[in-house]
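Student: Fold the following and give me the result.
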Amino acid sequence: MPFRPLSELLQYNRQIGRSRVFGGKEEEDIVSIVVLRGAGEYIALQVDRVLGEQEIVIKQLEGPVPKPMGVAGATVLGDSRIMPIADVLELIDLSKGRSRRERTWDYDAMQTIPEVPQIKTEPTVLIVDDSITVRELLSMTFNKAGYRVEQARDGQDAWDKLRSGLPCDIIFCDIEMRRMDGLELLDRLQKDEHLNHMPMAMLTSRGADKHRQRAANSGAKSYFTKPYLEEALLEAAQRMLKGEVPIAATS
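Tutor: So this is what the prediction gives:
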């Protein structure tokens, strides 16, 4: 299994010794390893120390500041500390040399380091649904198939994230949502010159022909009714990425 120290993949300016952070002794003859898996690849990362495991809610980093390489988002711990969350797939990419290293925040250094285009190896799918259960199930389906997955809790949330620069290749969206439904989101995307190229599939419990026709007229690339078949979604996703228009309606 490939082995890399995490400090080699994430190089940031702030340096803190492990004894100061964790209260350990530097002479301890212990190596802590975290094994990552993504898209069928494994890597063993050496870390300072494994403190434990807990369930968290990831908050995406938004706004004008670019997302640091290797960081998926952040979470707020019970004691109000903000903790960054590692992006497993990006760390694997970095270990394989498939992505550029994150530039430091030092302005002078940035002027001397040539810009290297980031190589994107996995397509990103945005899941838009007001049901967290549906979002998690779809996320597992696409994660297993090697996709990067982003989530939005409704059309308004998706619109805000896309307008703020969230990278995305395809969208799977519910129709019935409270703040902004899927058809309104689709209409807005089609009218936006920067986002109208993004293929979108509707995944909904509405199976009536009028809803299918409305979605097709608005620019939807595919239409699925719940319950769905994983194989059908993944096939449609691949065709959408190739610029094709998959099956008009599936039930």
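Student: where does this structure dip in pLDDT?
Tutor: Scanning the chain for pLDDT under 70 picks out 11-28, 39, 59-67, 99-121, 246-251.
Student: Break this structure into its domains for me.
Tutor: Structural domains of the chain, as assigned by automatic domain parsing, span the residue ranges 3-112, 124-241.
Student: Return the most buried member of these.
Tutor: For those, average neighbour numbers computed from mean count of other CB atoms under 10 Å are highest in domain 124-241, which has a mean of 18. Placement of C-beta: from N, CA and C, glycine included.
Student: Report the separation between the two terminal residues of that domain.
Tutor: Between the opening and closing residues of domain 124-241 there is a gap of 10 Å (CA to CA, to the nearest Å).
Student: repeat for stretch 206-225
Tutor: For stretch 206-225, the end-to-end distance is 7 Å (CA to CA).
Student: Kindly report the same for stretch 123-135.
Tutor: 17 Å.
Student: So what touches that stretch?
Tutor: Stretch 123-135 is contacted from outside by 138-139, 142, 147-155, 157-158, 161-162, 166-174, 176-178, 182, 185, 203, 226, 237, 241, using CB atoms under 8 Å, 6 or more residues apart in numbering.
Student: again with stretch 175-185
Tutor: For stretch 175-185, contacts defined as CB under 8 Å, 6+ apart pick out 128-130, 154-159, 173-174, 200, 202, 204-206, 211, 214-215, 218.
Student: Do a quick rundown of the strands in the stretch 1-150 of the chain.
Tutor: Residue ranges of the strands in the stretch 1-150 of the chain, as given by DSSP state E, counting those that start in this stretch, are 3-5, 32-38, 41-47, 71-76, 82-86, 124-128, 148-152.
Student: can you tell me which of those comes nearest to Ile56?
Tutor: Minimum separation from Ile56 across the strands of the stretch 1-150 of the chain (CB to CB) falls at strand 71-76, 4.3 Å.
Student: now for that closest one, which elements pack on it?
Tutor: Contact here means 3 or more CB pairs under 8 Å, 6 or more residues apart in numbering; DSSP states H and E; on that basis strand 71-76 packs against strand 82-86, helix 88-95.
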